[in-house]
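>>> Turn this into a structure:
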Amino acid sequence: MTAVDALVVGAGVVGLTTAISLAEAGLATRVVTADPPSRTTSVAAGAIWGPVRCGPPDRCREWARAGLDVLSELAGEPAAAIRQVRGREVSQEPAAPPDWLDLLPGGVAMCAPTELPDGFAAGWWYTAPVVTMPSYLDYLLARYAAAGGSVEVAAVASLQSQDAPVVVNCAGMGARELVPDPLLEPVRGQVVVVRNPGIEEFYIDHGLRGSEYVYLFPHGDVVLLGGTAEEGAWDLAARPEVAERILRDCSAVHPRLRGAQIVAHRVGLRPCRPQVRLEAERLPGPGDRVLWHNYGHGGGGVTLAWGCAREITAAVLAGTAPAA
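Prediction:
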């Protein structure tokens, strides 16, 4: 197999974005992944820009800023399947918009009382990039191939045994065993995709009732309905009773969804950790091989991917390496 400058483990949105960043900087790269992009957690994401369920706040803010810039720019490319969508986030309890929304150029507007659902106390409108993930992953694959990259679907038993001067661990939940890292915990998300009856605005219920979310994101001719946030759950099969609850709750928000044709059921495991792990360590053996960790993005993988990828790329190009 052809030698490469950098090998990326994992082909979700974080892995592909990292591989693209390195390849477009002039490095020969390869991606090795246990699952093709179409079977990663990324394909089940909503996915709207916003650094949620991730930390630390200061670093995530800057990574999110970089991601916002790139996603906003890509909204002009049809193949990337990114649209600037207006919508509202609402809360049954008194609440204020998260601080990171001030990064959006259009700002935030608080909902008038008449714009809130019955029983809700607060809400806010904003416009942010919304990403149709299956199409976006196809776009990233094509862009990576155009930069000379290749993807190998194969089980990865060890990070240390990968043959490259730079190895980047973007394995998502797979990092729990590969590193190993017991701090990494799955937060299971289940969604339902239906034909769009004419919905143009996103909706996010700010609250979490047990493990149940209520949100919907329009993606042209389909709408993605969610969802769940089940900590510690590993099962990847869609549960019919959960799908029924999602359809019921989202139809209560938009009655036009009642009877909508179901297109797909998707399940993904958010790789949650107290903090995103973005750091390097030396690999044992001959040479100055370096292992970069880039995982634990929680619900913010799409949002943080470009910022994290660029930070790693800059360090690799500068020859920055961890202390021995």
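
>>> how about the strands in the stretch 201-324 of the chain?
In the stretch 201-324 of the chain, the strands defined using DSSP state E, counting those that start in this stretch lie at 202-205, 212-219, 222-228, 230-231, 262-272, 277-282, 290-295.

>>> got the angle for the longest one vs strand 290-295?
Translated: strand 262-272. Going by axes from the mean of the first three to the mean of the last three CA atoms, to 10 degrees, strand 262-272 is angled at 120 degrees with respect to strand 290-295.

>>> strands paired with strand 262-272, and their directions?
Strand pairing for strand 262-272, using DSSP bridges, gives strand 185-195 (antiparallel).

>>> what does the fourth one give?
As defined by DSSP bridges, the strand partners of strand 230-231 come to strand 185-195 (antiparallel).

>>> how about the partner strand: buried residues?
Neighbour-count burial for strand 185-195, with 16 or more other CB atoms under 10 Å as criterion, is recorded at 185-194. The way it works is simple: take the backbone N, C-alpha and C, and place the C-beta from them, glycine included.

>>> That strand relative to strand 212-219, how many degrees between them?
Using the same axes, to 10 degrees: strand 185-195 against strand 212-219 is 50 degrees.

>>> i'd like the first residue to be 23 from this point on
All set: I'll call the first residue 23, so the last point we hit is now strand 207-217.

>>> Okay, angle between strand 207-217 and strand 244-250 too, please.
150 degrees.

>>> Pull the distance from strand 207-217 to the chain's centre.
12 Å (CA atoms, centre = their mean, to the nearest Å).

>>> Likewise for stretch 230-246?
15 Å.

>>> pLDDT of it, averaged?
Across stretch 230-246, the average pLDDT comes to 94.

>>> Regarding it, how distant is the last residue from the first?
18 Å (CA to CA, to the nearest Å).

>>> Over to stretch 203-210?
18 Å.

>>> repeat for stretch 312-329
20 Å.

>>> Could I get the average pLDDT for it?
So the average pLDDT for stretch 312-329 ends up being 98.

>>> Same question for stretch 288-301.
Rounded mean pLDDT across stretch 288-301 is 97.
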